[in-house]
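[1] Please work out how this folds:
(2 chains)
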Amino acid sequence: MKFNRKAFEYFYALLIIFLLWYMISQIVNINLIPSPILVIENLSKTFKSKLMIHVEYSLFRILMGILLSLIIGVPTGIIMGYFSKIDKLLSPIVYLIYPIPKIAFLPIVMLLFGLGEMSKIFMITVIVVFQVIVSLRDAVKGIPENIYYSIYSLGGSWFQILKEIIIPASLINILTSIRVALGTAISVLFFTETFGTEYGIGYFIMDSWTRVNYIDMYSGIIVLSLMGIILFSTIDFLGIIFCRW
Amino acid sequence: MVKVEGLTVRYRTNEGYFTVLKNINLDIYDGDVLALVGPSGCGKSTLLHVLSGIINTYDGKVTINGEGINTKKHKIGLVLQDYGLLPWKSVYENAVLGLKIKSMLTSDDRDYALFILDRLGLKEFVRRYPQKLSGGQRQRVAIARALILKPDILLMDEPFSALDEITREEMQELFIEIQKEYKVSTVFVTHSVEEAVYIGKRIAIMSKSPGTIKQIIHNETYGLKDKRLCREFYDLMIKIRKDIKEEWST
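    Next comes the predicted model:
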């Protein structure tokens, strides 16, 4: 029921967007805005042969970046949220670094980690990890003290408190933080893929642009957007499965 | 048996130390039902938190069956005013949480849990989440969770005060029945003299802050049927009200 409605909503939104796009392309009638029909036709013909490899690279980078951010960010956020002494030590550092536009360090990162996958994944991780830390820390801080009481009185260990209370209580925030992070991660991904690589959707889009192949370029944009939508709805889906209460 | 000797609890504040409880002496016998009555802010919840092992910095001595409180070893059933259920766990998972924390669940444990849940009229709700239950039902889950643990002591903090009047009387009745059946040693905190006289075997009256125990009354009406229709019930209430009137107002 819930899924059917979601599917319908996506379908409806796509229809409206394509309709608008089609109308604009017909009205302005220039190469820069081709008809969506031509783009989709091109996409269906060339996706496997031309685009698939780029999708694989981009997906790998983004998933690795998010995975690393979670591996580092979730424990850090939980520890900062639960132990206020550690929070007092780390918070000032996190708050100072958080708003720095870390993307500006891309040239340095590329010099340090090379032009390969490492520098791209590192860049995504460095930007996303702070969002994860901050939202997890706030989530854990927001758990009311008396929720812990029953487990304290039962003599629960720190591990049991973590498993029975902290993780389930902040699970929805973990998912939300990934969702927020995803938008950022895709932008960062696009930016990093415009330098020093020949693979990735970002590269494909910029390459098509320099070749003045606008139909290819739009195909790339559609694929990048779809990637975002699919990742987004996967997180929604996980939320429905894991946060049933 | 639970023994409290010379218990004093202080909180640290910006201005120094604030004494919440002062020199509390209390014995809770096996099968006892002790009602703690006191004005708000007198430290009755603090006393309960000490007994439940949540607060462990205090002066004095608190023992369960001759040993200092050890939350890992002793089985402490805690029922809180907001029920203390975990919203992400179903009724059944909440009910067996105590056993799960203590050790692995055996199939006997599961049977016993379902038996108690059934006894408290929760059989049809075992798969529901707390947010889909009424206040009275949540309260029953919290009591079931404590009972399933077969506790050394059952501690209840204002257990019925968030319920509407009809549900409250039902729950009080149910608690009395269950207590008779299982003879669990119980300490419960209430601000209601009526509730204390209705449920308690003994009634401990506390002073205003810093909390001390003023007197312990043996409840003659304990075990009477249809108490709310008996003169003795009201006589005792009036007597206690008179006693505390001066004490709490000054």
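[2] shouldn't B:V141 be in contact with B:Y129?
    No: applying CB atoms under 8 Å as the test, B:V141 and B:Y129 come out as separate, 10.6 Å apart. Where C-beta positions appear, they are placed from N, C-alpha and C, glycine not excepted.
[3] Now do the same contact list for the residue nearest to the spatial centre of chain B.
    Centroid-nearest residue in chain B, with CA atoms, centre = their mean: B:M156, separated by 1.9 Å. Contact partners of B:M156, counting by CB atoms under 8 Å, 6 or more residues apart in numbering or on different chains, are B:78-79, B:186-189.
[4] nearest to chain A, of those?
    Nearest to chain A among these: B:L78, at 4.5 Å, using CB to the nearest CB.
[5] Can you tell me the element the closest one falls in?
    Per DSSP states H and E: B:L78 is located in strand B:76-79.
[6] hmm, back to that, look at the residue nearest to the centre of chain B and give its secondary structure.
    The three-state label given to B:M156 by DSSP: H, G, I helix; E, B strand; the rest coil is strand.
[7] Could you check the pLDDT of it?
    Per-residue confidence (pLDDT) for B:M156: 93.
[8] wait, isn't B:K72 in contact with A:S153?
    No: judged on CB under 8 Å, B:K72 makes no contact with A:S153 at a distance of 10.8 Å.
[9] Who has more neighbours out of the two?
    Taking neighbours as other CB atoms under 10 Å in any protein chain shown, B:K72 and A:S153 compare with A:S153 leading, 28 against 11.
[10] is it true that that one touches B:I54?
    Yes: at 6.0 Å, A:S153 and B:I54 qualify as touching, with contact defined as CB under 8 Å.
[11] buried sites along stretch A:106-114?
    By 16 or more other CB atoms under 10 Å in any protein chain shown, the buried positions in stretch A:106-114 come out as A:106, A:109-110.
[12] Turn those residues into TSV, including distance to chain B.
    Below are the buried residues of stretch A:106-114 laid out as TSV (distance: CB to the nearest CB, whole Å):
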residue	distance to chain B
A:L106	40
A:V109	39
A:M110	43
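[13] Tell me where the model's unsure across chain A.
    Counting by pLDDT under 70, chain A shows low-confidence ranges at A:1-3.
[14] Where does it get nearest to chain B, which residue?
    Residue of chain A nearest chain B, by CB to the nearest CB: A:G155 (3.4 Å).
[15] what does the domain assignment say about chain A?
    A:1-33, A:45-242 (automatic domain parsing).
[16] deepest of these, which one?
    Among those, the stretch with the highest mean neighbour count (mean count of other CB atoms under 10 Å in any protein chain shown) is domain A:45-242, at a mean of 17.
[17] on that earlier part again, ok, which of the domains of chain A comes nearest B:Y112?
    Nearest of the domains of chain A to B:Y112, taken as CB to CB: domain A:45-242 at 16.9 Å.
[18] So B:L7 belongs to a strand, correct?
    Yes: assigned with three-state DSSP, B:L7 falls within a strand.
[19] if we look at the sheet, which residues does it bridge to?
    Beta-bridge pairing for B:L7 (DSSP bridges): B:I24.
[20] what does chain A put close to chain B?
    Applying CB under 8 Å from any CB of the partner chain, one finds that chain A approaches chain B through A:146-147, A:149-156, A:160, A:164-165, A:168-169, A:171, A:243-245.
[21] ok, now how distant is B:T167 from B:L133?
    Applying CB to CB, to the nearest Å, the value for B:T167 to B:L133 is 12 Å.
[22] go on, B:S103?
    For B:S103, the distance to B:L133 (CB to CB) stands at 27 Å.
[23] higher neighbour count, these two?
    B:L133 (18 against 8).
[24] ok, now which ones touch the more buried one?
    The contact partners of B:L133, taken as CB under 8 Å, 6+ apart, are B:91, B:125, B:141.
[25] ok, the nearest residue to the second one once chain neighbours are set aside - contacts?
    The shortest distance from B:F125 to any residue other than its chain neighbours is 5.1 Å, reached at B:V91 (CB to CB, 6 or more residues apart in numbering or on different chains). The contact partners of B:V91, taken as CB under 8 Å, 6+ apart, are B:117, B:122, B:125-130, B:133, B:141.
[26] Would you map the strands across chain A?
    Assigned by DSSP state E, the strands in chain A number zero.
[27] which residues in it form helices?
    For chain A, applying DSSP state H gives helices covering A:2-28, A:36-46, A:52-82, A:84-97, A:106-113, A:117-141, A:145-153, A:158-161, A:167-192, A:201-210, A:214-242.
[28] need the helix or strand of chain B with the lowest average pLDDT.
    Every helix and strand of chain B was ranked by mean pLDDT, DSSP states H and E. The lowest is helix B:231-249, at a mean of 84.
[29] How about the residues of chain B by chain A?
    Residues of chain B lying near chain A by CB under 8 Å from any CB: B:49, B:52-54, B:70-74, B:76, B:78, B:80, B:82, B:84, B:86-89, B:97-98, B:101-102, B:129-131, B:145, B:149, B:155.
[30] Quick one, which of those are buried?
    With burial judged by 16+ other CB under 10 Å, the buried subset of the residues of chain B next to chain A is B:49, B:52-54, B:71, B:74, B:76, B:78, B:80, B:82, B:84, B:86, B:88-89, B:97-98, B:101-102, B:129-130, B:145, B:149, B:155.
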